[in-house]
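**Q** How does the following fold in three dimensions:
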Amino acid sequence: MKILIELPTWLGDTVMATSAIENLIKITNAQSVTIVGSYVSTEALKNHPKITQVFLDNTKSQKNRLLAAYRLAKQIGKHNLAVSFRSHFFSKLLTFLTGTKKRFIYKNTFKGHQVEKYNEFINSIFKTDLTPDRLKLYYKPKRFEKITIGINPGATYGSAKRWYPEYFAETANKLGQYGDIVIFGGPKETDIADDIEKMLTIKNYKNLAGKTDIPSLIKNIAGLSLFITNDSGPMHIATAYQIPTISIFGPTNPKETNQWQNPNGIVVKKDLQCAPCMKRVCPIKTHDCMKLIKPDEIIELSKKLLKNQ
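**A** Model (predicted):
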């Protein structure tokens with residue numbers, strides 16, 4: 001069985017889809033898997049032992065997306081089965097143009113965690129009742145010589161999801177006595193990381209924001225002793241490796257995107273009447289869902305998680 005999988009666009013969604021992908025491979029007994037998707041999604045999964053071909057979908061950036069989709073589809077070629085974890089028109093078009101007869105496009109009809117939504121999509125295709133297992137990535141964790149605490153101040157979705165740089169800095173300064181600090185962030189989050197770095201009074205830290213590709217990001221997070229993060233893609237990477245993780249939630253709904261089956265994970269949120277609003281920017285200008293989560297709370301939780309190691 002040769003199957004084609006179109007991955008979700010975002011890193012976090014791709015990691016949350018891994019349980020469903022494992023079940024898909026198990027059901028079909030796939031011997032060869034082709035993946036197509038964004039740079040971050042394909043980089044995250046390209047070393048899966050069943051994946052034999054990887055295609056980057058950059059058709060959105062082309063002047064003629066229809067023509068670009070046609071050319072990409074012809075490169076990908078015909079498969080026994082095509083499954084897309086996206087619901088966009090171009091997902092339907094791309095899989096159709098490959099010439100693959102059996103094609104299934106994701107529909108968001110299940111209420112629950114995003115991991116469950118993806119898994120129910122696979123169950124609906126094959127009329128199965130498989131449960132979603134833990135998330136799975138195949139990169140080998142980096143080995144740090146000392147206790148290492150990661151902080152992740154960014155979040156692609158928008159500013160409302162981000163805890164404050166000064167809060168992260170205060171937390172890092174206090175936790176620096178227990179282990180080394182690593183600041184994470186994507187290419188567009190270097191300003192936030194730099195702001196934090198300027199407020200640090202400790203010396204035992206590294207600022208890796210904008211300096212890691214996806215595989216090295218995964219390897220670094222996978223080797224941490226503790227991870228403190230906003231609701232983000234890197235949070236789900238930590239979850240896949242069962243890293244002790246404190247995830248800070250504001251405008252988004254932890255029932256849908258929190259850490260999946262991570263016994264070492266803690267979700268911190270404030271139960272406000274306006275939350276979760278699911279907005280990119282705070283609509284009432286207070287941002288209390290994040291502002292009311294103070295560094296002392298995160299520091300105390302961090303110390304407890306570190307003590308258990």
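
**Q** Per the annotation, how does this protein divide into domains?
**A** Residue ranges for the domains of the chain, per automatic domain parsing: 2-126, 148-307.

**Q** Ok, which of those domains comes nearest Leu135?
**A** Smallest distance to Leu135 across the domains of the chain (CB to CB): 4.0 Å, for domain 148-307. Bear in mind the C-beta positions are built from the backbone N, C-alpha and C, glycine included.

**Q** who touches Thr171 in this structure?
**A** Ile151, Ile228, Pro295, Ile298, Ile299, Ser302 (CB atoms under 8 Å, 6 or more residues apart in numbering).

**Q** As TSV, the domains of the chain with distance to Lys140 and mean pLDDT would be great.
**A** Output for the domains of the chain, formatted as TSV (distance: least, CB to CB, whole Å; pLDDT from 0 to 100):
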stretch	distance to Lys140	mean pLDDT
domain 2-126	9	96
domain 148-307	7	96
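
**Q** could the ones you listed go into a markdown table alongside distance to Asp133?
**A** Formatted as a markdown table, these follow (distance: least, CB to CB, whole Å):
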| stretch | distance to Asp133 |
| --- | --- |
| domain 2-126 | 5 |
| domain 148-307 | 8 |
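
**Q** closest to Leu137 out of these?
**A** Evaluated over the domains of the chain, closeness to Leu137 peaks at domain 148-307, with 4.7 Å, by CB to CB.

**Q** Now do the closest one: distance to the chain's middle.
**A** In terms of CA atoms, centre = their mean, to the nearest Å, the gap separating the centre of domain 148-307 from the centre of its chain is 13 Å.

**Q** most surrounded residue in the contacts of Thr171?
**A** The most crowded member of the contacts of Thr171, judged by other CB atoms under 10 Å, is Ile228 (31 neighbours).

**Q** What residues are bridge-paired with that residue?
**A** With DSSP bridges as the criterion, Ile228 is bridged to Ile151, Ile246.

**Q** Who are the contact partners of it?
**A** Counted by CB under 8 Å, 6+ apart, Ile228 has contacts Ile149, Gly150, Ile151, Asn152, Phe168, Thr171, Thr245, Ile246, Ile248, Ile298, Ser302.

**Q** Looks to me like the first one is in a strand.
**A** Meaning Ile149. Yes. Assessed by DSSP: H, G, I helix; E, B strand; the rest coil, Ile149 belongs to a strand.

**Q** which non-adjacent residue is nearest it?
**A** Excluding its sequence neighbours, the residue lying closest to Ile149 (CB to CB, 6 or more residues apart in numbering) is Leu226, at 4.6 Å.

**Q** got the contact list for the one you found?
**A** Leu226 neighbours (CB under 8 Å, 6+ apart): 147-150, 175, 179, 243-246, 302, 305-306.

**Q** Select only the buried ones of these in ChimeraX?
**A** Selection of buried members from these for ChimeraX, criterion 16 or more other CB atoms under 10 Å:
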select :148,149,150,175,179,243,244,245,246,302,305,306
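
**Q** Please consider this matter closed, and thank you.
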